[in-house]
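1. Take this sequence and fold it.
(one chain, ligands or ions: 1)
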Amino acid sequence: MPVASRAWWATPPPAHATHTHIVIGMADSTFFRNYAAEVRPLINAALESYTSFGADCPAHLKEAIRYSLLGPGKKLRPLLVLMAAETCGSTREDALPAACAVEMLHAYSLIHDDLPAMDDDDMRRGRPSCHAKFGQATAILAGDALLTLAFEVLARHQQPPQTAALCCAHLAAAAGAEGMVGGQADDLNAEFSNGDLAMLKHIHRRKTGAMIRVSVLLGGLVGGANNEQTGRLVAYGEKLGLAFQIVDDLLDFQGDEAAVGKRTGKDSARGKLTFPTIMGAEKSRAEAAALIQAAREQISPWGVRAKGFDSLATFVLERNQ
Ligand code: GRG
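-> From the prediction side, this is the model:
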């Protein structure tokens, strides 16, 4: 059987992986980094092929779409989809359409978030953001095209059709008015307001958390997770998503611009509610670490099969970009 078709937890760890770290609670990020390095090319190849548009797609639009989708992002959300599917017993290839759909949604959200009407960022991933390079109109349209393409890919390519329909419904809900878009709207409205921690968590559960949560949920659906497994995956995703956002706030608060790949210190300049401004950097880091530990506990019944999730949790806490 080709390596790419085997479940990730059944493949031998790469030579440089830390074998002593297979016990839950002890994992460092090495296993996840190795898994990501092995699987990202598969994700990138699928994203490339889904965006090899014909002559009806204007060249500048195609370029803007591919610039934002195939750029140097971490591909964290599609990796979560594939890991969840493999943990539940299917192959990574089976879950590729869902993984690509989630990344398309994410790429659209970043393009629109960077626009002057929103976060007004001219840098993303260490290079000009989409509108800074292609202009606002093309950036808006590239985002629109990615949003619709995500659902076309799911509907056409995810199997079986019943799973595709469920994935479409969950992804739309996570990305929509009660999910990411709702969180973004509240986040923009909260600038220079006197919000508290509860309000901040409510914003980020939707703005950032919903897409991370739905990534593991889609992987579980493709992998045929039972109710108990789905509950654990979703709880893991929720805790990981909030921890991810706290770390993101910390990176903006005290991160190195060159490493982060975008301007830092912007949140406080815009009067944004963030974890470090509400509770201080030290408490924020402790809160992120507690969430990561709680996320780990959710997947511990899988034992060694959850090694990727365990290692990824550490990666989220450690990340500097
Ligand atoms: C515009 C509808 C709409 C929503 C925007 C996702 C989002 C909502 C805004 C992004 C703002 C932001 C920087 C939030 C912090 C968390 C986050 C989503 C970071 C970027 O995700 P990474 O680090 O990005 O996974 P890469 O570059 O690795 O793909």
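
2. give me the low-pLDDT residue ranges for the stretch 1-150 of the chain?
-> Regions of the stretch 1-150 of the chain meeting the criterion pLDDT under 70 cover residues 1-27.

3. Name the helix or strand for the residue in it positioned nearest to the ligand, please.
-> Across the stretch 1-150 of the chain, the shortest distance to the ligand (CB to the nearest ligand atom) belongs to residue 73, at 2.9 Å. C-beta coordinates here come from the backbone N, C-alpha and C atoms, glycine included. For residue 73, there is no host helix or strand (DSSP states H and E).

4. got the residues of the stretch 51-200 of the chain near the ligand?
-> Residues of the stretch 51-200 of the chain lying near the ligand by CB under 6 Å from any ligand atom: 73, 74, 76, 109, 110, 112, 113, 118, 125, 180, 181, 184.

5. and residue 41, backbone torsions?
-> The phi and psi values for residue 41, taken as degrees, to the nearest 10, are phi -60, psi -30.

6. What separation do you get for it and residue 214?
-> Distance of residue 41 to residue 214, computed by CB to CB, to the nearest Å: 24 Å.

7. One more: residue 130?
-> 23 Å.

8. Likewise for residue 87?
-> In terms of CB to CB, residue 87 sits 16 Å off from residue 214.

9. which one of the two has more residues nearby?
-> When neighbours are counted by other CB atoms under 10 Å, residue 87 and residue 214 differ, and residue 214 comes out ahead with 29 against 26.

10. Tell me who's in contact with that one.
-> Each residue near residue 214 by CB atoms under 8 Å, 6 or more residues apart in numbering is listed here: 102, 170, 171, 173, 174, 175, 179, 237.

11. cool, residue 240 as well?
-> Neighbours of residue 240 in contact, by CB under 8 Å, 6+ apart: 212, 291, 292, 295, 312, 313, 316.

12. what about 10 Å?
-> For residue 240, the contacting residues are 76, 80, 209, 212-213, 215-216, 291-292, 294-296, 298-299, 309, 312-313, 316-317, by CB atoms under 10 Å, 6 or more residues apart in numbering.
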